[in-house]
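Student: could you look at this predicted model? Sequence included:
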Amino acid sequence: MEKVVIVEKLKLFSEYWNPRIVGELNGQHIKLAKFHGEFVWHKHDNEDEMFLVIEGVLKIEFRDKTIELNNNEFLIVPKGIEHKPIADKEVAVMLFEPLTTLNTGNTDNELTKHALEKI
């Protein structure tokens, strides 16, 4: 049992769209990630996904609307809903997802991370 200092963990990496595992509880991974630019359209058929903005502005685009998240705001994207994260500038995000969640959901491409680093 150790406390996690989020800002210190965020200093350990600089790559975008490559989440790092910082904790695990009740079958869920707690991940930190840095985003910049546009991700891919995708959905998670079996898992909800939670985005908590630590620093910056994150837009989550849906087919019918866009939701903007600022520092200390979060959004839960229900399973089966197609979405695309967008960060015009660097944004630091905490994700809460089941252990089985693949970052690109139903899409497999160069941004897909099959094995995540624990920090």
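Tutor: On my side now, so go ahead.

Student: quick one, what contacts the nearest residue to Lys118 once chain neighbours are set aside?
Tutor: Excluding its sequence neighbours, the residue lying closest to Lys118 (CB to CB, 6 or more residues apart in numbering) is Ile21, at 4.5 Å. From N, CA and C alone the C-beta is placed, and that goes for glycine too. Ile21 makes contact with 29-31, 116-119 under the criterion CB atoms under 8 Å, 6 or more residues apart in numbering.

Student: what bridges to the residue positioned nearest the centre of the chain?
Tutor: In the chain, the C-alpha nearest the mean C-alpha coordinate belongs to Leu95, at 4.5 Å (CA atoms, centre = their mean). Leu95 has these beta-bridge partners by DSSP bridges: Lys31, Phe51.

Student: for Ile67, same thing?
Tutor: Beta-bridge partners of Ile67, as defined by DSSP bridges: Ile60.

Student: Glu47 contacts Pro98, correct?
Tutor: Yes: contact criterion CB atoms under 8 Å: Glu47 and Pro98 qualify, at 4.7 Å.
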